[in-house]
Every structure is written in structure tokens, then in C-alpha cells.
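A.B. asks: pasting the sequence and the predicted coordinates here, then a few questions.
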Amino acid sequence: MKPASRRPPGPSQRQLRAGELIRHALVDVLRTEDINDEALSGVSVTLTEVRMGKDLRHARCFVEPLGGDDAPTVVKALNRHSKFLRGLLGRSIDMKFTPELTFVHDESFNEATRMEALFADPKVARDLGKATAEDADQD
């Protein structure tokens, strides 16, 4: 008896394609449409990634306000207007269903800044210098 084949973890090719389609269309919507909200007026938002659910009916949109200023307020405002944005999105994509949108702050920028600070630490730089010197000696 053969063991049951396991599906590899992660999104399918279909989910990835749909996520990119949604991301590109949503970028156009956010760029061209004016959303009547004080928290979003004059704020540029970077849409870094869209992760689709398995049934393609839910989309988790990762956003970062330009400069990272007041991200929780911007994310709340986008979630308040998600139905309006979904309606606009539905007119610009060719999918059977327009997914429900959920906006989430993208923490990867904060993590990259934290890692940069770690690498800039003199102790870490010294250790990295030792490691590269040892690698050069082995060659």
C-alpha cells in the first residue's frame, strides 16, 4: 500500500497568479480613486503582496504606508473601505468571484530595519569579519 501523497506547503500556482492579478488591479484602484477618509488623505500606500485563500474568495492584502507613518490607522481605514474597494476591483478584473479584501500591515520592512541594525552592531561586524577571514584561509 502506497503512502498518501502529501501536498507541498504553500500557495498553489493558481493562488499566486490570482494574488498578483488582484495586487496589480488594486494598485491601479488605489492610485486613481479618491477615498473619502481623513486617515487616507494624502497618504501613499505600498501594496507589497496579496495572498489568496484556497477558494480564491478571500484576499489578504499586505500594505505599508509610505514612510511607515501611522500604519495602524491607515490599515483600519482601508479595512473600513474594503467593500467599496472590492466593488471597484470587481470592475477591473476578470474573475468568477471578486474576493473579500482584508488589509494587514506588512511587518517585513520593520524586520529588515531591525536586521540592518543588528548587522551594524560592532560586535556582530567583528564576528562576521572573523568568519570571512576563516573562509578565506580555507580556500
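C.D. replies: Arrived safely, thanks for sending. No experiment lies behind these values; they were computed from the predicted model shown.
A.B. asks: for stretch 61-72, buried residues please.
C.D. replies: 61-65, 71 (16 or more other Cβ atoms under 10 Å). C-beta here means a position set from N, CA and C on the backbone, and glycine is covered the same way.
A.B. asks: could you do stretch 40-53 as well?
C.D. replies: 40, 43, 45, 47, 50-53.
A.B. asks: how about the strands of this structure, start to end?
C.D. replies: Applying DSSP state E to the chain gives strands spanning 45-52, 58-65, 100-105.
A.B. asks: list the helices and strands the last one packs on?
C.D. replies: Put plainly, it is strand 100-105. strand 58-65, helix 71-80, helix 82-92 (3 or more Cβ pairs under 8 Å, 6 or more residues apart in numbering; DSSP states H and E).
A.B. asks: could you do the second one as well?
C.D. replies: The helices and strands touching strand 58-65, judged by 3+ Cβ pairs under 8 Å, 6+ apart, are helix 13-32, strand 45-52, helix 71-80, strand 100-105.
A.B. asks: a markdown table please, covering the ones you listed and showing mean pLDDT and distance to residue 89.
C.D. replies: Shown next, in a markdown table, are the helices and strands packed on strand 58-65 (pLDDT from 0 to 100; distance: least, Cβ to Cβ, whole Å):
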| stretch | mean pLDDT | distance to residue 89 |
| --- | --- | --- |
| helix 13-32 | 93 | 6 |
| strand 45-52 | 92 | 11 |
| helix 71-80 | 92 | 13 |
| strand 100-105 | 95 | 7 |
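A.B. asks: alright, calling it a day.
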